[in-house]
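1. sequence first, then the predicted structure:
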Amino acid sequence: MSKTAYVRTKPHLNIGTMGHVDHGKTTLTAAITKVLSARGTGTFVPFDRIDRAPEEAQRGITINIAHVEYETDTRHYAHVDMPGHADYVKNMVTGAAQLDGAILVVSALDGIMPQTAEHVLLARQVGVDHIVVALNKADAGDEELTDLVELEVRDLLSAHGYGGDSAPVVRVSGLKALEGDPRWTGAIEALLDAVDTYVPMPERYVDAPFLLPVENVLTITGRGTVVTGAVERGTVRVGDRVDVLGGLGTDTETVVTGLETFGKPMESAQAGDNVALLLRGVPRDAVRRGHVVAAPGSVRPSRRFTAQVYVLSAREGGRTTPVATGYRPQFYIRTADVVGDIDLGEAAVARPGDTVAMTVELGRDVPLEPGLGFAIREGGRTVGAGTVTAVA
Ligand SMILES: Nc1nc2c(ncn2[C@@H]2O[C@H](COP(=O)(O)OP(=O)(O)OP(=O)(O)O)[C@@H](O)[C@H]2O)c(=O)[nH]1
Ligand SMILES: [Mg+2]
């Protein structure tokens, strides 16, 4: 582990590649790191190092996120390339990916495919406000056909309220850029410039009480238990007292004794940062994915809430039949996965495609607050996306 401290010289943003299977998300991610390593502001991460979760993340993990980090002239980015469609859905809808902007990868050879449209819809639902398009495989595409694909993509963006006329659409070849072809490394530079200028710096709630949803838990021999995740809000420093909340009767107060980002120690982490926290005296089994680390007394876990929920249509991969009061699916809230009973009140049933109000009784306490987004899943697929309206 490198011991060079992380120095915050540039604003930090979280972005990610999304798009249909095989359109070249991972190749493009590798190409970006290659181009930036040539500039001296990133480390090249080859294709086969991106497309898998780090080894220590494999235990007990249900959602895979592969992160790389790099810098442009003006910004520091954490970039996530999720390995499969199911992971996109989970990470996007639950907010685990926390994207400030997205690079939509569309193959110039194939055009819009079902998951292209689905990811744009998901991005809209979870509040990703800016999408930059990479028309990939432009090396192999016919120019006129690529023009048509571009029109089609702009229409798709507009249909979801993304301002398809103004969104940057950059023709790239991840593959040729990886091979070092100057025409295509130049295209990657253009794509990064578009991300730098088109995706605005989001407002960070650095003054709010600290909160980090736990994505993964590891043990460092001789040092203790480490939790990782993206800081949702606030600031945390080495030496700060924090609560570890899981709703399982193991809630505990502890002290942050170490703080790192991408293997580099840091003195303080703030909203938006991807970090690892070393926690004093917390046994490995007292904390797990889905728990929350927060400023003492700042959140109160509860299990009953009301919500506004969109029931995905069959076309979006949702159910073909209605849901009714008494339905008991899984709720993905931040990084937690909890069973819950729904009550639809007088409406009693909701059909795929409907947006409905419901009351939910979770199987255990979870930190909740109005405005929090969540996903509803059943048998391994997403059937609904919702927002908490009130906590009982
Ligand atoms: N011609 C050409 N082929 C490409 C380009 N980028 C990727 N490919 C090829 O497309 C295939 C899929 O690339 P990946 O990067 O794995 O695509 P992906 O979107 O990450 O795929 P999933 O993670 O499985 O959804 C591979 O065979 C790549 O070599 C490109 O710019 N030009
Ligand atoms: Mg991939």
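-> Now that the structure is in, tell me what you want to look at. Numbering: from 1, shown residues only. Ligands and ions are numbered 1, 2, ... in the order given.
2. what residues does the stretch 101-250 of the chain have near ligand 1?
-> 136-137, 139-140, 173-175 (C-beta under 6 Å from any ligand atom). All C-beta spots, glycine's among them, are computed from the backbone N, C-alpha and C.
3. all helices for this protein, in order.
-> Along the chain, the segments classed as helices by DSSP state H run 25-39, 47-50, 85-93, 114-125, 143-159, 174-178, 182-198.
4. any idea which of those helices has the lowest pLDDT on average?
-> Ranked by mean pLDDT, these end with helix 85-93 in last place, scoring a mean of 69.
5. on that earlier part again, now the buried members of the residues of the stretch 101-250 of the chain next to ligand 1.
-> 136-137, 139, 173-175 (16 or more other C-beta atoms under 10 Å).
6. what residue in the stretch 1-150 of the chain comes nearest to ligand 2?
-> Thr26 (3.2 Å; C-beta to the ion).
7. that residue: how many residues sit nearby?
-> Look at Thr26: counted by other C-beta atoms under 10 Å, it has 23 neighbours.
8. I figured it was touching Pro46, is that so?
-> No. Counting by C-beta atoms under 8 Å, Thr26 stays clear of Pro46, with 10.2 Å between them.
9. can you pull out the strands in the stretch 151-300 of the chain?
-> Secondary structure of the stretch 151-300 of the chain (DSSP state E, counting those that start in this stretch): strands at 169-171, 211-213, 216-220, 224-230, 235-237, 241-245, 252-261, 264-265, 268-270, 274-279, 292-294.
10. in the third one, what's buried?
-> Going by neighbour count (16+ other C-beta under 10 Å), the buried part of strand 216-220 is 216-217.
11. that one pairs with which strands, parallel or anti?
-> strand 224-230 (antiparallel) (DSSP bridges).
12. so what's the gap between the partner strand and the chain middle?
-> Counting by C-alpha atoms, centre = their mean, to the nearest Å, strand 224-230 is centred 17 Å from the centre of its parent chain.
13. now the angle from it to strand 274-279?
-> Counting by axes from the mean of the first three to the mean of the last three C-alpha atoms, to 10 degrees, strand 224-230 points 150 degrees away from the direction of strand 274-279.
14. now the angle from strand 224-230 to strand 241-245?
-> Calculated by the same axes, to 10 degrees, strand 224-230 forms an angle of 80 degrees with strand 241-245.
15. where in the chain is the helix or strand with the lowest mean pLDDT?
-> The weakest-scoring helix or strand in the chain, judged by mean pLDDT, DSSP states H and E, is helix 85-93 (a mean of 69).
16. what sits against Val275?
-> 212, 228-231, 236, 259-261, 266, 269 (C-beta atoms under 8 Å, 6 or more residues apart in numbering).
17. list just the nearest of these to ligand 1.
-> Here the nearest of the contacts of Val275 to ligand 1, counting by C-beta to the nearest ligand atom, is Ala230; it sits at 21.2 Å.
18. so what's the closest one scoring on pLDDT?
-> At Ala230, pLDDT is 89.
19. for Arg241, same thing?
-> pLDDT, read off for Arg241, is 97.
20. identify the residues contacting it.
-> Here Arg241 is in contact with 253-255, 296 (C-beta under 8 Å, 6+ apart).
21. out of these, which are buried?
-> Using 16+ other C-beta under 10 Å as the burial test, the contacts of Arg241 include Thr254 as buried.
22. reformat the contacts of Arg241 as CSV; add distance to ligand 1 and pLDDT.
-> Converted to CSV, those look like this (distance: C-beta to the nearest ligand atom, whole Å; pLDDT from 0 to 100):
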residue, distance to ligand 1, pLDDT
Glu253, 41, 93
Thr254, 37, 95
Val255, 40, 96
Pro296, 41, 95
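23. need the contacts of Arg241 in CSV (columns: distance to Ile131).
-> Below are the contacts of Arg241 laid out as CSV (distance: C-beta to C-beta, whole Å):
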residue, distance to Ile131
Glu253, 41
Thr254, 39
Val255, 41
Pro296, 38
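24. closest to Thr4 out of the contacts of Arg241?
-> Val255 (24.6 Å; C-beta to C-beta).
25. got a list of what the closest residue to that closest one other than its chain neighbours touches?
-> Spatial nearest neighbour of Val255, excluding adjacent residues (C-beta to C-beta, 6 or more residues apart in numbering): Arg280 at 4.5 Å. The contact partners of Arg280, by C-beta under 8 Å, 6+ apart, come to 224, 254-257.
26. count residues in the vicinity of the residue nearest to Val293 when sequence neighbours are not counted, would you?
-> Spatial nearest neighbour of Val293, chain neighbours left out: Leu212 (4.6 Å); criterion: C-beta to C-beta, 6+ apart. Neighbours of Leu212 under the rule other C-beta under 10 Å: 28.
27. over to Ala357?
-> Ala357, neighbours per other C-beta under 10 Å, totals 15.
28. before we move on, what about Gln330?
-> 19.
29. the nearest residue to it once chain neighbours are set aside bridge partners, please.
-> Spatial nearest neighbour of Gln330, chain neighbours left out: Arg377 (4.8 Å); criterion: C-beta to C-beta, 6+ apart. Here Arg377 sits in beta bridges with Gln330, Thr382, going by DSSP bridges.
30. just to check, Arg377 is in contact with Val383?
-> Yes. Look at Arg377 against Val383 with C-beta under 8 Å: they come within range, at 6.5 Å.
31. list residues touching both of the two?
-> Common neighbours of Arg377 and Val383 (C-beta under 8 Å, 6+ apart) are Pro329.
32. thinking again about what came up before, between the contacts of Arg241, which is nearest Asp81?
-> Thr254 (32.6 Å).
33. for stretch 253-273, buried residues please.
-> 254, 256, 258-262, 265-266, 269-273.
34. what does stretch 302-322 give?
-> 303-307, 309-312, 316-319.
35. contacts for that stretch next, please.
-> 89, 118, 121, 125, 247, 323, 349-366, 368, 374, 376, 378, 381-392.
36. near ligand 2, which residues of the stretch 1-150 of the chain?
-> 25-26 (C-beta under 5 Å from the ion).
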